[in-house]
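Peer 1: turn this into a model:
(chains A and B)
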Protein chains: 2
Amino acid sequence: MTREPDRVVVLSGGVGGARFAAGMAMVVPPRALTVIVNVGDDFEPFGLRVCPDLDTVCYTLAGLENPETGWGRRDETWHALETIETLGGPTWFRLGDRDLGLHLERTRRLREGQSLSRVTLDLCRALGVDVHVLPATDDPVRTWVHTDQGWLPFQEYFVRHRWQPRVLGLTYRGAAEARPAAGVLEALREADLVFLAPSNPWLSLDPILAIPGVRDALRPQRAVAVSPFIGGQAVKGPAAKIAHELGLLASPLGLARYYQDILRGLVIDQVDAALAPRITHETGVRVYITDTWMRGPEGRARVAQSAWMFARALARA
Amino acid sequence: MTREPDRVVVLSGGVGGARFAAGMAMVVPPRALTVIVNVGDDFEPFGLRVCPDLDTVCYTLAGLENPETGWGRRDETWHALETIETLGGPTWFRLGDRDLGLHLERTRRLREGQSLSRVTLDLCRALGVDVHVLPATDDPVRTWVHTDQGWLPFQEYFVRHRWQPRVLGLTYRGAAEARPAAGVLEALREADLVFLAPSNPWLSLDPILAIPGVRDALRPQRAVAVSPFIGGQAVKGPAAKIAHELGLLASPLGLARYYQDILRGLVIDQVDAALAPRITHETGVRVYITDTWMRGPEGRARVAQSAWMFARALARA
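Peer 2: Numbers count the residues shown, from 1 in each chain, chains lettered A, B, ... in the order given. Modelled structure (predicted):
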């Protein structure tokens, strides 16, 4: 008699989440894995629908990601963007030629009336990805950042202004009216293990959790997060900077406090080992200490496997 | 006292018209030249606004055209299209990467509310084109082809079905309600010389002439056409095939009959010299006989110069 593999869900933003998801796809059978991805960063440059986090997850799972940047594709060319520059158009969002092909085809299918979740599954399959990659919602949810320079749409804040403005607050426009994409709630309810990837809590995880029904479907006793904070810093991006600006701790302790009602466990880096007793004492969240840097495919698999073993142990405890 | 140069207008479709216009830009000062271009071929693949004839004219005048195909850009790459193919999307319309940059930037500006004529002038200037390139109209005009396989939008007929279906008739949807783009009627009224380029009468010239006001603004005594027919064949494309299917002559005589009310003169190829007396006798259109093949830049300039000298002579007669 063959035992069914654990059904695993990962909530993910872009680069860090994508690498963790790719690691998890080496630990559990890809078809047992569902990655629910933030769409708050989506935007429409040149009339195209661009989904930065979905694309990074899809490219990373397909092994097509650019290893230097973490986003975009490897072996990329930039001829369309060079033309746009010649013509005096905006080039602050870096659209590569191969990447553009995906945006064009996605836009075409969406204009035909297909849902984003349907299109995402089909495009991932075409790139050889067997993992279920789902947008958190098919409805428009857009992260806006309240800054000392006023309200900015996410990509203006993140790419154009290189996340330098001071963050005063965030809102996820459309989230309150959005419905989870088909399969999202089912995957969460039926999951044996749920992971919050080492993604930015405010820019990547919260826009997923803000969609009505998602938090309730996530069963805390099966949920484990991997801290994106190591020694007070984020591995990549503005998570630590935003934590400070919001008056929160840029550390696993801050993360445990922030998500304590939806987490059973937290994987933290060895440099933060001293925080472990306080985290568990104060929040009740259990801690696993390991090296959380995901360098190369081996690093991804190692971190994912640690998180998986820890989560299984907790779920059976 | 310097004499103002002749103001010259060329009505143009794609490849043949673009080459003739480029020749004319070597004969008269580029700023004295206005090219009014067919938009009946325009379409919206992937949500982008693509204007094949405008682009061919612009690229040819800028010296960026692909010399083998006549359309698209030289030194082109196809990485976006390769991705679309991998993803199972439609690839029958060949969008190159550099070419895509122009479609993206045009689409962005149109979505901002700029007119096609404004955008076209700006993009041409950015590519170094001093000739005034104008779409016939900023309004949507779309050529539909009635064929033995039913009504087909132009690009389906032309590219996807490689103009193989039998043509029963044509219509220019939207033409009756369209207004000429700013500058079109003025250019025609003020022109010292007007040329109908060696373009397809039914697919390129008629969709321009069908826009209310254009025919009336064109003064026949100053208008000369260059025959796209040589020895019963079109240099490129389906003009001869369509002429037969519509029951018309695929020859300079057929062209002179078809446009006799708006033409003073017609430039025909030397292989059709024997038709000259009959053309003038039957239609009143005067004929100039020369080698009309436009091989290379020299060929374009030679044909344009012949047409220009002939038209000047007629206008002064």
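
Peer 1: and the residue of the stretch 101-250 of chain A nearest chain B?
Peer 2: A:Gly101 (2.6 Å; CB to the nearest CB). For the C-beta atoms, the positions are set from N, CA and C on the backbone; glycine is no exception.

Peer 1: B:His79 is in contact with that residue, correct?
Peer 2: Yes - using CB atoms under 8 Å, A:Gly101 is in contact with B:His79, at 6.9 Å.

Peer 1: those two: who's more crowded?
Peer 2: Between A:Gly101 and B:His79, A:Gly101 has the larger neighbour count (other CB atoms under 10 Å in any protein chain shown), namely 28 against 23.

Peer 1: check what pLDDT that one gets.
Peer 2: On the pLDDT scale, A:Gly101 is placed at 98.

Peer 1: circling back: for B:Pro90, see how far away the residue nearest to the residue of the stretch 101-250 of chain A closest to chain B when sequence neighbours are not counted is.
Peer 2: Nearest residue to A:Gly101, sequence neighbours excluded (CB to CB, 6 or more residues apart in numbering or on different chains): B:Thr83, at 2.6 Å. Applying CB to CB, to the nearest Å, the value for B:Thr83 to B:Pro90 is 13 Å.

Peer 1: these two: which has the busier surroundings?
Peer 2: When B:Thr83 is set against B:Pro90 and neighbours are counted by other CB under 10 Å, the residue ahead is B:Thr83, at 25 against 13.

Peer 1: near chain B, which residues of chain A?
Peer 2: Proximity of chain A to chain B is confined to A:45-48, A:76-77, A:79-84, A:86-90, A:96-102, A:104-105, A:107-109, A:111, A:122-123, A:126-127 under the rule CB under 8 Å from any CB of the partner chain.

Peer 1: weed out the non-buried ones from these.
Peer 2: A:45-48, A:76-77, A:79-81, A:83-84, A:86-87, A:89, A:96-102, A:104-105, A:107-109, A:122-123, A:126-127 (16 or more other CB atoms under 10 Å in any protein chain shown).

Peer 1: show me the residues of chain A next to chain B that map onto helices.
Peer 2: Among the residues of chain A next to chain B, the ones falling in helices (DSSP state H) are A:79-84, A:86, A:97-102, A:104-105, A:107-109, A:111, A:122-123, A:126.

Peer 1: list the buried residues for stretch A:178-187?
Peer 2: Using 16+ other CB under 10 Å as the test for burial, stretch A:178-187 gives A:Ala178, A:Pro180, A:Ala181, A:Val184, A:Leu185, A:Ala187.

Peer 1: what's in contact with it?
Peer 2: A:7, A:9, A:34, A:36, A:115-117, A:132, A:134-141, A:211-214, A:217 (CB atoms under 8 Å, 6 or more residues apart in numbering or on different chains).

Peer 1: repeat that for stretch A:204-219.
Peer 2: Stretch A:204-219 is contacted from outside by A:11-14, A:17, A:36-40, A:53, A:136-137, A:141, A:143, A:170, A:172, A:175-176, A:178-180, A:184-185, A:188-189, A:191, A:194, A:196-197, A:199, A:262, using CB under 8 Å, 6+ apart.

Peer 1: what about 7 Å?
Peer 2: Residues from elsewhere that reach stretch A:204-219 (CB atoms under 7 Å, 6 or more residues apart in numbering or on different chains): A:11, A:13-14, A:17, A:36, A:38, A:40, A:53, A:136-137, A:141, A:143, A:172, A:175-176, A:178, A:180, A:184-185, A:188-189, A:194, A:196, A:199, A:262.

Peer 1: remind me what the longest helix along chain A packs against, helices and strands.
Peer 2: Identified as the longest helix of chain A according to DSSP H is helix A:296-316. With contacts taken as 3 or more CB pairs under 7 Å, 6 or more residues apart in numbering or on different chains; DSSP states H and E, helix A:296-316 sits against helix A:15-27, strand A:193-196, strand A:223-226, strand A:265-269, strand A:286-290.

Peer 1: what residues of it count as buried?
Peer 2: Those would be A:300-308, A:310-312, A:314-315, for helix A:296-316 by 16+ other CB under 10 Å.

Peer 1: with pLDDT and distance to B:Ile279 added, can I get those residues in a markdown table?
Peer 2: A markdown table is the format used below for the buried residues of helix A:296-316 (pLDDT from 0 to 100; distance: CB to CB, whole Å):
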| residue | pLDDT | distance to B:Ile279 |
| --- | --- | --- |
| A:Arg300 | 96 | 76 |
| A:Ala301 | 96 | 79 |
| A:Arg302 | 97 | 83 |
| A:Val303 | 98 | 82 |
| A:Ala304 | 98 | 80 |
| A:Gln305 | 97 | 84 |
| A:Ser306 | 97 | 87 |
| A:Ala307 | 98 | 84 |
| A:Trp308 | 97 | 84 |
| A:Phe310 | 97 | 89 |
| A:Ala311 | 97 | 87 |
| A:Arg312 | 95 | 89 |
| A:Leu314 | 94 | 92 |
| A:Ala315 | 87 | 90 |
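
Peer 1: can you tell me which of these is nearest B:Gln164?
Peer 2: The closest of the buried residues of helix A:296-316 to B:Gln164 turns out to be A:Arg300 (CB to CB; 52.3 Å).

Peer 1: what's the distance between the nearest residue to the closest one once chain neighbours are set aside and A:Phe310?
Peer 2: Distances taken as CB to CB, 6+ apart place A:Gly23 nearest to A:Arg300, at 3.1 Å, with adjacent residues excluded. Per CB to CB, A:Gly23 is found 14 Å from A:Phe310.

Peer 1: check A:Val141 too.
Peer 2: From A:Val141 to A:Phe310 the distance is 31 Å (CB to CB).

Peer 1: next one: A:Arg108
Peer 2: For A:Arg108, the distance to A:Phe310 - CB to CB - is 43 Å.

Peer 1: so where's chain A shaky on pLDDT?
Peer 2: A:1-3 (pLDDT under 70).

Peer 1: and the strands in the stretch 101-250 of chain A, which stretches?
Peer 2: A:132-135, A:142-147, A:150-153, A:167-173, A:193-196, A:223-226, A:229-230, A:233-234 (DSSP state E, counting those that start in this stretch).

Peer 1: now those strands as JSON lines including mean neighbour count?
Peer 2: Conversion of the strands of the stretch 101-250 of chain A to JSON lines gives the following (neighbours: other CB atoms under 10 Å in any protein chain shown):
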{"stretch": "strand A:132-135", "mean neighbour count": "24"}
{"stretch": "strand A:142-147", "mean neighbour count": "21"}
{"stretch": "strand A:150-153", "mean neighbour count": "14"}
{"stretch": "strand A:167-173", "mean neighbour count": "18"}
{"stretch": "strand A:193-196", "mean neighbour count": "28"}
{"stretch": "strand A:223-226", "mean neighbour count": "27"}
{"stretch": "strand A:229-230", "mean neighbour count": "22"}
{"stretch": "strand A:233-234", "mean neighbour count": "17"}
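
Peer 1: wait, which of those strands is closest to B:Ala256?
Peer 2: Among the strands of the stretch 101-250 of chain A, the nearest to B:Ala256 by CB to CB is strand A:150-153 (59.0 Å).
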